[in-house]
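S.K.: Fold the following, please.
(one chain, ligands or ions: 1)
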Amino acid sequence: MRILIAFTSLSGNTRDVARLVRERCRARGHAVSWIETGIDELSAAGPDPRHDLYLFGAWSDNGGRTPAEMKRFIAQLVQAVGKPRQVAVFGTGETQWGQEYYCGAVRRIAAFFDSPHPRLEIEQMPHGRRDSERIAQWTDHVLDTLGSPAHAHPARRIA
Ligand SMILES: Cc1cc2nc3c(=O)[nH]c(=O)nc-3n(C[C@H](O)[C@H](O)[C@H](O)COP(=O)(O)O)c2cc1C
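M.R.: Model prediction:
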């Protein structure tokens, strides 16, 4: 599959998660395009912006909001390819900003795309083996869902 990982990161936490997700995708033989929003343009994803799977990562800004550079990227992508269905969202946040706002951007982006996949939310930076395993399991789950017969035949899907 062609997978696009696009993320935003100020202090590196979300970038660390994105790198682990990329590592896992590559280890399973997938081709990964890599965009750090605010730095890379959509053209960095290659001549064809269409991908089989989009993995979006974000930190959360004040009030659980989506950072501006990620919003700009999403607008650019939607203009180029429409609103893709195969979107899975990960991100980092801090519960000290209030449970209501914790990883708010991850929830907002997933809701915008009506993502069919579970969200991955990590507190601050990924720590040790436990978080590495969570990230690997989440990535595997998303990849396996796409490769499953239910995906190939959506009518057979159980709600
Ligand atoms: C101005 C500001 C506002 C923040 N607001 C929230 C928030 O509402 N919810 C949340 O979960 N984290 C919030 N955070 C914490 C960051 O999302 C968190 O530290 C994240 O891991 C940073 O990711 P990064 O290292 O990839 O930039 C805020 C951080 C800053 C600097």
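S.K.: which residues sit in contact with the residue of the chain found nearest the ligand?
M.R.: Closest residue of the chain to the ligand, C-beta to the nearest ligand atom: Gly93 (2.3 Å). Backbone N, C-alpha and C define where each C-beta goes, glycine included. Contact analysis of Gly93 by C-beta atoms under 8 Å, 6 or more residues apart in numbering lists 59-60, 64, 101-106, 121-123.
S.K.: all strands of the protein, in order?
M.R.: 2-7, 31-36, 53-59, 87-93, 120-123 (DSSP state E).
S.K.: Mind putting these into JSON lines with distance to Ala18 and mean pLDDT?
M.R.: Shown next, in JSON lines, are the strands of the chain (distance: least, C-beta to C-beta, whole Å; pLDDT from 0 to 100):
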{"stretch": "strand 2-7", "distance to Ala18": "4", "mean pLDDT": "98"}
{"stretch": "strand 31-36", "distance to Ala18": "8", "mean pLDDT": "98"}
{"stretch": "strand 53-59", "distance to Ala18": "5", "mean pLDDT": "98"}
{"stretch": "strand 87-93", "distance to Ala18": "8", "mean pLDDT": "98"}
{"stretch": "strand 120-123", "distance to Ala18": "11", "mean pLDDT": "97"}
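S.K.: What are the buried residues along stretch 77-94?
M.R.: Within stretch 77-94, the residues scored as buried using 16 or more other C-beta atoms under 10 Å are 77, 81, 84, 86-93.
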